[in-house]
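# this one's structure only:
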């Protein structure tokens, strides 16, 4: 008997004209590792909530360990069997102290106190939060809250753990740690179901299930899926993009696996003769330059800025220490660093939502801490889109939410309508189609776009963005990045925090935060090639790791590509020109 069984299951949200899931049949055995992929709104989160009885199917049946998941009398047994790590950690954090939150599930199982304490310690240690066990969860960073949610699921020791985009807010080392935990769970015989937009993560699973508009369109091995659907590196589904290792392997004309690491792929390329080991000149000294619209004048300046939460209390915590930097007008600065390194705090300081404990913050020349600082005007001039910006939507209808900011600027009548229309059209939400749509009925990706339209409707001089593409499918992510960099190309300033080094590589400047201090600041090539320190804990773009692995093996590769596409272009040119064994260039 399968551990989990869905038999012709459909589910429709109240007020929605279409089904979120449509006639889905699926079986999951004990110890299986299943990845669920698909676009935002394809039904992944709905499916996971049906598995542990949070939702009841509109039609069809969900069975967990032989029990009907729809019956309230089975709820405790079902949720003890299937633990769910939510996409949004605040939705499942219930306690006011970290260790008490992790203990919540085991306590509801009626376990002895000593056993609960042992589980809590083990779970917190597994996710790297043992030192934070007595902190209030709302003072953790978003990434730390994500790890707390994982710890709560681990403490349940369920037979199946379902992860809903559980790595989306994590830095690279923390993400790898959670993925390793998934492997460990499977190794000890537990089932893992992982909904993800990251195809490299999906490739780690033994089985892949792809959803499109609430229906299963593929169920089988990941490698076969990528081979069939991404023959040229692109898929018929825009939400599916072949993992970088597979894309490069095809350019090189070699066999490669979707989950290959850069070092493995580099060794395979050299063994095959697709690239040669030969003496070469020094690496290119080519340097990034700020986009044409950037000026020498600063949009933001921080002068020896420090900031502490809960100053003067037992829970005082330093978030930033002695940070000095300047952001040129018209440039894009990417802030990177481990979860809890101070990225979100720095953005709040730039937006004058928080004020430095010491030092000075200048926003367009105005000292934000000055008694006469025009705080409202500064916040309108450089609005902050917080992590999970869709959580900040509050109006009943989409058009009204976008209109809120411009209305507070004094706009009304035709001028207000045109401002809202322009902002919604700019992000791809047609004004006529979406203005009267209920905000809560929008998909996750549409909510992200609506939140972005809301800040763009202010026509600001700068945008402050905190993880703007987290938990979005590749097509939606590309769309939002296009909007952000299009905004910057108009001579406006962007500061964004991201855990994606591929995104950071697109910026003019990269600022690396380590433990609240600015460890490095410079153009992406300098940060990821010349000055990179593994101790930063940020990882590097796949292309950089591949090139450095080639050089370490003795290959001549002076270029410094930052993206897989740029690397593929270089490799394709080399292969076409006969650069391989005996290709002497």
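It's in. Keep in mind the model is a prediction, meaning the values are calculated, not measured.

# residue 257 reaches residue 203, doesn't it?
Yes: using C-beta atoms under 8 Å, residue 257 is in contact with residue 203, at 7.5 Å. Where you see a C-beta, it was placed from the backbone N, CA and C, and this is true even at glycine.

# domain ranges for the chain?
Following automatic domain parsing, one finds the domains of the chain at 4-232, 246-274+541-576, 298-536.

# out of those, which is closest to residue 240?
domain 4-232 (6.0 Å; C-beta to C-beta).

# name the nearest residue to the residue nearest to the spatial centre of the chain, sequence neighbours excluded.
By C-alpha atoms, centre = their mean, the chain has its centre lying nearest to residue 470, at 2.8 Å. In space, and not counting its chain neighbours, residue 470 is closest to residue 168: 4.5 Å by C-beta to C-beta, 6 or more residues apart in numbering.

# residues touching residue 304, list them.
322-324, 358-360 (C-beta atoms under 8 Å, 6 or more residues apart in numbering).

# that one - that's part of a strand, no?
Yes: assignment of residue 304 by DSSP: H, G, I helix; E, B strand; the rest coil places it within a strand.

# wait, isn't residue 194 in contact with residue 201?
Yes: using C-beta under 8 Å, residue 194 is in contact with residue 201, at 6.9 Å.

# mind listing the shared neighbours of the two?
residue 35.

# so those two - more neighbours on which side?
residue 194 (28 against 23; other C-beta atoms under 10 Å).

# report the contact partners of the more buried one.
So residue 194 contacts 33-36, 162-163, 166, 182, 201-202, 205 (C-beta under 8 Å, 6+ apart).

# please redo it, this time with the cut-off set to 6 Å
35, 163 (C-beta atoms under 6 Å, 6 or more residues apart in numbering).

# tell me what it is bridged to.
Assessed by DSSP bridges, residue 194 has beta-bridge partners residue 35, residue 163.

# so how far is residue 84 from it?
Distance, residue 194 to residue 84, using C-beta to C-beta, to the nearest Å: 12 Å.

# ditto for residue 128
Applying C-beta to C-beta to residue 128 and residue 84 gives a distance of 21 Å.

# look at these two and report which has more neighbours.
More neighbours surround residue 84 than the other of residue 128 and residue 84, with 26 against 17 (other C-beta under 10 Å).

# which SS class is that one?
Recorded secondary structure, residue 84: strand (three-state DSSP).

# which residues does it contact?
Residue 84 makes contact with 48, 52, 162, according to C-beta under 6 Å, 6+ apart.

# kindly recompute the last result at 10 Å.
Going by C-beta atoms under 10 Å, 6 or more residues apart in numbering, residue 84 touches 45, 48-49, 51-54, 92, 149, 152-153, 156, 158, 160-164, 166, 193.

# related to what we said a few turns ago, regarding the residue nearest to the centre of the chain, what is its secondary structure?
coil.

# residue 23 too?
Residue 23 - assigned by three-state DSSP - is strand.

# residue 521 versus residue 514, what's the distance?
Residue 514 is 12 Å from residue 521, by C-beta to C-beta.

# model confidence for the residue nearest to the centre of the chain, exactly?
We have a pLDDT of 85 for residue 470.

# for residue 137, same thing?
91.

# residues near it, how many?
Residues near residue 137, counting by other C-beta under 10 Å: 21.

# how near is the nearest residue to it once chain neighbours are set aside to residue 144?
Closest residue to residue 137 apart from its sequence neighbours, by C-beta to C-beta, 6+ apart: residue 93 at 4.9 Å. Residue 93 sits 11 Å away from residue 144, going by C-beta to C-beta.

# residue 275 too?
As judged by C-beta to C-beta, residue 275 and residue 144 stand 41 Å apart.

# between the contacts of residue 304, which sits nearest residue 1?
residue 323 (57.5 Å).

# wait, the closest one sits on residue 356?
Yes: the pair residue 323 / residue 356 is scored as a contact, 9.0 Å apart, by C-beta atoms under 10 Å.
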